[in-house]
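**Q** dropping the sequence and predicted coords here.
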Amino acid sequence: MNIQFEKFTEKYIDEAVQLALAELCAERVHCPELPSHGFEGRLREILWWLGSQSFGKAAVCEGKLVGYLLFAGPWDGFFGDVKGVFSPLSGSAFSYEYVNRGKLASMLFAEVAQEFAAEGIYSCGLCRYAHDMETAKSFVLNGFGIRCMDAVRGIEEINVQKVFGNVVFEELPKERFVEVKHLQKGLNRHLLKAPVFFPLPDCGFEAWFSEWIKRETMSIFAAKADGKVVGFLSVDEEGENFITEYDKMKNICGAYFMEEYRGTGIAQGLLSFVRDTLKAEGVTHLGVDCETMNPTALRFWEKYFTPYTYSFARRIDERAKGSLE
């Protein structure tokens, strides 16, 4: 097939939406819990916006769009102290009618990435469906590594062995969000350690926490034992991709339990309490995102949720700019 690479423009949006929907349908084969309808309009909005950004290519064969790869940004301090760009879920799609989708993904990345170093962009990330192994392998072989995931479950009951003793679970009112401050500090310390190495923004903890607890759409659920709050789960209306915007889906965006209370069933008990509360509110799907580099979180969430995206990241050697010149 003779592939031509062009700047992605608005003329490709209709075809791009169909490619994105086809990838969503393919992911649902492996993850049937995933919501599947009502996304076409949102995908169109995202692609309009991404098409206005600086970095994006369309792959065209005989006048038909067979793939695209679009990045937003750049931003300073993106996974390090350099400029970076990111391609969100739906920021790329590759036609299932194309014989070698992995090769197509690699060629599109080469077309886009050749502009990165010339513009001083040395960090790039992209989000892809978790079970699209053909393109995942292609990006890994192009130097990307997985750093985080989104996962989902239906709102069905969570099987919990109640071995946690005398523990109280509750949803905190807004004025009591500060009660989990010590746990959020513990989570931040945990994320700084090996093998995660995930620092806070430069504003520091106090400023970050102050803004975090002001989020109007966030709920915080807490577990209390021995007279103190020993664990929490935070839940928001949206997560980090367009699927999390589904109107009957809520998303866990933070969690931490004191080490001495782990392995007691408290975390599972609080998760079950969250599930019961949200189901009573009409929620049908529960999502979570976590750093895959955090083995503690990864082991826990994969017990109860099915991954449907992985986000990949690559750091480009800064010496590339000099070699290109």
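**A** In hand now; what should we look at? Numbers count the residues shown, from 1 in each chain.
**Q** mind giving me the packing neighbours of the helix or strand harbouring residue 71?
**A** Secondary structure from DSSP states H and E places residue 71 in strand 64-75. Counting contacts by 3 or more Cβ pairs under 8 Å, 6 or more residues apart in numbering; DSSP states H and E, strand 64-75 packs against helix 13-30, helix 40-51, strand 55-61, strand 83-87, strand 92-94, helix 101-118, strand 121-129. Quick note: C-beta positions are derived from backbone N, CA and C, even for glycine.
**Q** give me the sheet partners of that strand and which way each runs.
**A** Sheet partners assigned to strand 64-75 using DSSP bridges are listed as strand 55-61 (antiparallel), strand 83-87 (antiparallel), strand 92-94 (antiparallel).
**Q** what's the domain layout of the chain?
**A** 3-148+311-324, 156-283 (automatic domain parsing).
**Q** quick one: distance of the shortest one to the chain centre.
**A** Distance of domain 156-283 from its chain centroid, counting by Cα atoms, centre = their mean, to the nearest Å, is 17 Å.
**Q** ok, the first one next?
**A** Here domain 3-148+311-324 shows a centroid-to-chain-centroid distance of 14 Å under the convention Cα atoms, centre = their mean.
**Q** circling back to that earlier point, okay, the strands paired with strand 64-75, which one's buried deepest?
**A** Counting by mean count of other Cβ atoms under 10 Å, strand 92-94 has the highest mean neighbour count of the strands paired with strand 64-75, with a mean of 28.
**Q** ok, what's across the strand from the closest residue to residue 19 other than its chain neighbours?
**A** Nearest residue to residue 19, sequence neighbours excluded (Cβ to Cβ, 6 or more residues apart in numbering): residue 93, at 3.8 Å. On the basis of DSSP bridges, residue 93 is bridged to residue 68.
**Q** circling back: between the strand holding residue 71 and helix 40-51, how many degrees?
**A** On the basis of axes from the mean of the first three to the mean of the last three Cα atoms, to 10 degrees, strand 64-75 is oriented at 60 degrees to helix 40-51.
**Q** low pLDDT regions in this protein?
**A** Scanning the chain for pLDDT under 70 picks out 1, 163-164, 202-203, 321-325.
**Q** looking at the domains of the chain, which is buried most?
**A** Highest mean neighbour count among these (mean count of other Cβ under 10 Å): domain 3-148+311-324, with a mean of 18.
**Q** contact partners for the residue nearest to residue 19?
**A** Applying Cβ atoms under 8 Å, 6 or more residues apart in numbering to residue 93 gives the contacts 16, 19-20, 22-23, 67-68.
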